[in-house]
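Sequence unavailable; structure follows:
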Ligand SMILES: [Zn+2]
């Protein structure tokens, strides 16, 4: 018998550790540049807008809208085969940054561009919680 393949878990780096630590606490932190005031995602050592090096962590609202998406009917590997149909989406947050994530908590056929979504965290392990999104009108 072959061993069941494991899901790919993110491995925090010095740049991403504060982000993953916040996710573990079900809080979304993104970087904000102290020089130009703009937000960026994903975490980097310099600002992608002005190349400034003074980046702070700011709590994001966790709300945004779907810019684009695809519905995956086949799992990328056996480790994900139990998850059923998956919606992979590009989401623009209110802070004007874009994140790639999954849309959960609704029928995949109801997903559309422009749909308002909000963050919800899935606990994958004792250290890693994954940010996912669901339609914003759910509680
Ligand atoms: Zn900047």
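Right, received. Where do you want to start? A quick note: this is a predicted structure, and the numbers were derived from the prediction, not measured. Residues are numbered from 1 along each chain as shown.

switch to C-alpha atoms for all contacts and neighbour counts from now on
OK.

And stretch 68-81, what's buried?
68, 69 (16 or more other CA atoms under 10 Å).

just checking, what packs against the strand ranked longest in the chain?
Longest strand in the chain, counting residues (DSSP state E): strand 63-72. For strand 63-72, the elements it packs on are strand 86-93, strand 116-123, judged by 3 or more CA pairs under 8 Å, 6 or more residues apart in numbering; DSSP states H and E.

out of these, which comes closest to residue 110?
strand 86-93 (10.6 Å; CA to CA).

for residue 116, what are its contacts?
Listed by CA atoms under 8 Å, 6 or more residues apart in numbering, the contact set of residue 116 reads 63, 64, 65, 66, 135, 136.

Kindly report the residues of the protein close to the ion.
Counting by CA under 5 Å from the ion, the chain comes close to the ion at 33, 36, 47, 49, 50.

Filter the residues you listed down to the buried ones.
Applying a neighbour-count criterion of 16+ other CA under 10 Å, the buried members of these are 33, 47.

May I see the residues of the chain next to the ion arranged in JSON lines, with secondary structure as well?
Output for those, formatted as JSON lines (DSSP: H, G, I helix; E, B strand; the rest coil):
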{"residue": "33", "secondary structure": "strand"}
{"residue": "36", "secondary structure": "coil"}
{"residue": "47", "secondary structure": "coil"}
{"residue": "49", "secondary structure": "coil"}
{"residue": "50", "secondary structure": "coil"}
